[in-house]
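> Below are the sequence and a predicted model; questions follow.
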Amino acid sequence: MATISAHITPNPHTLKFAVDRLILDYGSVDFSSKEKAANSPLAQALFDIEGIVAVLVGTNFVSVTKSSQVDWTTLAAPVTDCLSSQLDGGGLLIDPALVTGATGHASDGDIAARIRDIIDQEIRPAVAMDGGDILFEAYQDGVVMLRLQGACSSCPSSTLTLKMGIENRLREEFPEIRDVVQV
């Protein structure tokens, strides 16, 4: 039987449900709607719970975002029960083709590759602790473009995370960075 624990995140509408097993070998899968969860029995089952508006599946956690019209006191138990049922069911949880990990292309250039390494090695693990994920999208003309997912995508402190945390860290290594933006 799966052991599941709920953890608050900086986003009051998102809880991180940590599990005692590996769900994905790497990366994450972000589902911003039930329609986008068509190839994920785990996410589909969570979206069947009224009030769930987004699901992020990480390596050993699932972040669930609720609508503002419902309260966690009524949703936490059904979400935990659903996760337990899905994890203990033994079936496919997520189509492996949906998993997003480190991205990049050989043509990105040295700075982009080094930025991606910092994001993947330092920043993504820290963001995952808060129930989110962050993906490097591009570096162009001094601007780093990132995609925030899970608890971080609509978190009230996401701008602070981008500007004070990530931008400051990247500028330590690359003074030529002018801005870090969410796409």
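In hand now; what should we look at?
> From here on, just use CA atoms for contacts and neighbour counts.
Noted.
> And the helices in the protein?
41-47, 72-88, 110-118, 124-129, 158-160, 168-173 (DSSP state H).
> Out of the ones you listed, which gets nearest to Leu15?
If you check each of the helices of the chain against Leu15 by C-alpha to C-alpha, helix 72-88 wins as the nearest, at 8.4 Å.
> which helices and strands does that closest one pack with?
strand 4-8, helix 41-47 (3 or more C-alpha pairs under 8 Å, 6 or more residues apart in numbering; DSSP states H and E).
> Now the longest one: average pLDDT?
In this model, helix 41-47 has an average pLDDT of 96.
> what residues does that helix touch?
Counting contacts by C-alpha atoms under 8 Å, 6 or more residues apart in numbering, the residues outside helix 41-47 that touch it are 31, 33-34, 37-38, 52-55, 79, 82-83, 86, 92-94.
> rerun that using 6 Å as the cut-off
Lys34, Ala37, Leu93 (C-alpha atoms under 6 Å, 6 or more residues apart in numbering).
> Identify the residues contacting the last one.
So that's Leu93. With contact taken as C-alpha under 6 Å, 6+ apart, Leu93 is in contact with Ser40, Pro41, Leu42.
> count of neighbours near the last one?
Leu42: 22 surrounding residues under other C-alpha atoms under 10 Å.
> want to try TSV for the contacts of Leu93, with distance to Val70 as columns?
Formatted as TSV, those follow (distance: C-alpha to C-alpha, whole Å):
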residue	distance to Val70
Ser40	24
Pro41	23
Leu42	21
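> Go through those and say which is closest to Ile23.
Looking across the contacts of Leu93 and measuring by C-alpha to C-alpha, the closest to Ile23 is Leu42, at 10.2 Å.
> distance of Phe47 from Cys152?
According to C-alpha to C-alpha, to the nearest Å, Phe47 and Cys152 sit 19 Å apart.
> ok so, going back, nearest to Glu173, out of the helices and strands packed on helix 72-88?
Between Glu173 and the helices and strands packed on helix 72-88, the shortest gap by C-alpha to C-alpha is with strand 4-8, which sits at 31.8 Å.
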